[in-house]
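Trainee: Fold the following.
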Amino acid sequence: MNYMYNHYLVLCTMAGPFRHGRKAVLSIICCTSLLILMVCNIAELLINYQSVLVPLPPQPIITEYTEPPKRCHPREHIVSLKTHKTAGSTLASIFQRYGMSRNLTFVTPIGNRTAFSTGIKTNIVYGYSIVVKYLGGFDMSVCHGHYSRTEMNKIIPNATYVTTIRNPVDRFVSSFVYYKYYEQVHIPYNTENILSKFFTVKDFSSKIKYGRSQLANGIARDFQVNTTGSITNELRRIDHDFDLIILSEYFDESLILLKNLLCWEMDDLLYLSIRKHDKTYDHLYNVSDEVKSHIVGINSIDAALYEHFNKTFWQKVKAYGPRFSVELAELRRRLGMLHRECSASVRQDSHNKWGFNEYKLLPNDTEYCKKFFIVDDDNTKQYRSDLKRKLMLFEKEKKTETTNGKWGS
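Mentor: As a prediction, this is how the structure comes out:
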């Protein structure tokens, strides 16, 4: 409109000197048109000014957490592949608290073990035949054990699959402390640049006995990756088989994705980290570039796994949308409340032989806090004991019905 206004202004200026005849008429027309345009221009300015004074309603911005309406049902058939030194115990405890409060049935090894030393197979699952045939089947598996989709499908059909991974450098350092690799190659703990010194030991891998499986490509071992085949095919297989792969460095962010995947409530995801590495080992995590190269060199497959799933993780976060940051803030707010409520009921032990501090309840603990301080191994023993009682009751009822002729063949 400003362009037209200027154009007419020029014409009127040119026509101004002519007062008679046709040119006088042209002058009148130009001036009239100019007047009309000025009125329109003023009206436009008034409208714009009014829009400043009375702005349009802003787009809705989520600033407070409100639980969205549920359009799904909670998933309770879950296989959580517990990997080593990746916050797997913390995740297992979350599943255990949820399942035990709802009387769900967990997969446990036979005997008194709390982990499957090799693959999880039906013949070494405690009570497998009876539970699957007569007691409704298993609901959750959260123990250590090598991954096998074929076997797990027999134990928990149609399950949701999750697991955790960690940056291979940090995971190696954690294993280095936990399994005391330095002692196994006869390096004193107080040795300067102890990690660099470790990699100068000739044939160090052959000298490691305890925790050797986690020295190199431990995550790939847990996933049962075919190390002689195409890594691309293995990544594609794991991508297909697992619904969510949690990054331990971004554990809280991962829990938001898990909440959405499982259709759980926010409070179902609360946790306390009751085992943290002793701060006297902090200096080990300041790794030089040279040591990083050594670690990645012997963990090349784990590094490829982490790089791939780190990328797909953030793609899922982005796809979640703007609500993600709101839910993350709410989760951390509730975690802070939990810590404030329960931290007064704990004391810190001196670091133990595993290289981490444990936090234990004091005598004035509350029942609410108590459940967050039960480690996953103790939960495993508890629900195996509960399952044992169920099996004994079943056998007793079966025997009674057999005696009364009610039990079919």
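Trainee: ok, which stretches of the protein are strands?
Mentor: Taking DSSP state E as the criterion, the chain carries its strands at 78-81, 140-141, 160-165, 244-247, 275-277, 346-348, 356-361.
Trainee: and those, which one is worst for confidence?
Mentor: If these are sorted by mean pLDDT, strand 346-348 sits at the bottom with a mean of 47.
Trainee: Quick check: which ranges of the stretch 301-409 of the chain have low pLDDT?
Mentor: 343-365, 403-409 (pLDDT under 70).
Trainee: swap the cut-off to 90 and go again
Mentor: Along the stretch 301-409 of the chain, the parts satisfying pLDDT under 90 run over 338-375, 377, 390, 393-409.
Trainee: Touching stretch 109-126 from outside, list them.
Mentor: 82, 107-108, 128, 138, 141, 143-148, 151-152, 154-155, 224, 376-377, 380-381, 384, 387 (CB atoms under 8 Å, 6 or more residues apart in numbering). (C-beta placed from N, C-alpha, C; glycine too.)
Trainee: hmm, which of those are the buried ones?
Mentor: 82, 107-108, 128, 138, 141, 143-147, 151-152, 155, 376, 380, 384, 387 (16 or more other CB atoms under 10 Å).
Trainee: Okay, and which of these map to helices?
Mentor: 128, 151-152, 155, 376, 380, 384, 387 (DSSP state H).
Trainee: just these now: which is nearest residue 93?
Mentor: The shortest approach to residue 93 among those belongs to residue 376, at 4.9 Å (CB to CB).
Trainee: so how far is residue 178 from the closest one?
Mentor: Separation of residue 376 from residue 178 (CB to CB, to the nearest Å) stands at 15 Å.
Trainee: Count the residues that sit near the nearest residue to residue 191 once chain neighbours are set aside.
Mentor: Distance criterion CB to CB, 6 or more residues apart in numbering; nearest residue to residue 191, sequence neighbours excluded, is residue 197 at 5.5 Å. Using other CB atoms under 10 Å, residue 197 is surrounded by 14 other residues.
Trainee: Let the chain start at 32 from now.
Mentor: With the count now opening at 32, the last piece we talked about shows up as residue 228.
Trainee: So residue 228 sits against residue 218, correct?
Mentor: Yes - Residue 228 lies in contact with residue 218 (CB atoms under 8 Å); the separation is 5.6 Å.
Trainee: Show me whatever sits in contact with both of those two.
Mentor: Counting by CB under 8 Å, 6+ apart, no residue touches both residue 228 and residue 218.
Trainee: Send me stretch 167-174 as PDB with only the CA atoms.
Mentor: Presented in PDB, the C-alpha positions along stretch 167-174 are these (Å, rounded to 0.1, in the frame of the first residue of the first chain):
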ATOM      1  CA  GLY A 167      -0.200 -68.500  34.600                       C
ATOM      2  CA  GLY A 168       3.400 -68.100  33.500                       C
ATOM      3  CA  PHE A 169       6.200 -65.700  34.300                       C
ATOM      4  CA  ASP A 170       5.800 -61.900  34.100                       C
ATOM      5  CA  MET A 171       9.300 -60.400  34.400                       C
ATOM      6  CA  SER A 172      12.900 -61.300  34.000                       C
ATOM      7  CA  VAL A 173      15.500 -58.900  35.300                       C
ATOM      8  CA  CYS A 174      18.600 -61.100  36.100                       C
END
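Trainee: export the ones in helices among the buried ones among the contacts of stretch 140-157 to CSV and tack on distance to residue 106?
Mentor: Output for these, formatted as CSV (distance: CB to CB, whole Å):
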residue, distance to residue 106
159, 22
182, 20
183, 15
186, 16
407, 20
411, 21
415, 23
418, 21
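Trainee: For residue 317, state which of those residues is nearest.
Mentor: The closest of these, once distances to residue 317 are taken by CB to CB, is residue 407, at 29.6 Å.
Trainee: With residue 178 as the reference, measure out to the residue nearest to that closest one when sequence neighbours are not counted.
Mentor: Distances taken as CB to CB, 6+ apart put residue 123 closest to residue 407, at 4.1 Å, once the chain neighbours are dropped. Separation of residue 123 from residue 178 (CB to CB): 15 Å.
Trainee: Likewise for residue 170?
Mentor: 19 Å.
Trainee: same deal with residue 293?
Mentor: Using CB to CB, residue 293 is found at 20 Å from residue 178.
Trainee: residue closest to the middle of the chain?
Mentor: By CA atoms, centre = their mean, the mean C-alpha position of the chain lies nearest to residue 285, the distance being 2.2 Å.
Trainee: Spit out the contact partners of it.
Mentor: When contacts are taken as CB under 8 Å, 6+ apart, residue 285 is in contact with 195, 275, 277-278, 344.
Trainee: Please convert these to JSON lines, extending it with neighbour count.
Mentor: Formatted as JSON lines, these follow (neighbours: other CB atoms under 10 Å):
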{"residue": "195", "neighbour count": "25"}
{"residue": "275", "neighbour count": "20"}
{"residue": "277", "neighbour count": "26"}
{"residue": "278", "neighbour count": "20"}
{"residue": "344", "neighbour count": "20"}
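Trainee: Closest one to residue 314 out of those residues, please.
Mentor: Of all the contacts of residue 285, residue 314 sits closest to residue 278, with 24.1 Å by CB to CB.
Trainee: Now do the contacts for the closest one.
Mentor: Per CB under 8 Å, 6+ apart, neighbours of residue 278: 195-197, 284-285, 340-341, 344.
Trainee: give me that answer again for 6 Å
Mentor: 285, 344 (CB atoms under 6 Å, 6 or more residues apart in numbering).
Trainee: Next, work out how far apart it and residue 360 are.
Mentor: From residue 278 to residue 360 the distance is 19 Å (CB to CB).
Trainee: Please apply the same query to residue 250.
Mentor: Here the criterion is CB to CB. By it, residue 250 lies 30 Å from residue 360.
Trainee: just for the stretch 32-181 of the chain, where's the confidence low?
Mentor: Regions of the stretch 32-181 of the chain meeting the criterion pLDDT under 90 cover residues 32-102, 142-151.
Trainee: change it to 80
Mentor: Low-confidence segments of the stretch 32-181 of the chain (pLDDT under 80): 32-101, 143, 145, 148-149.
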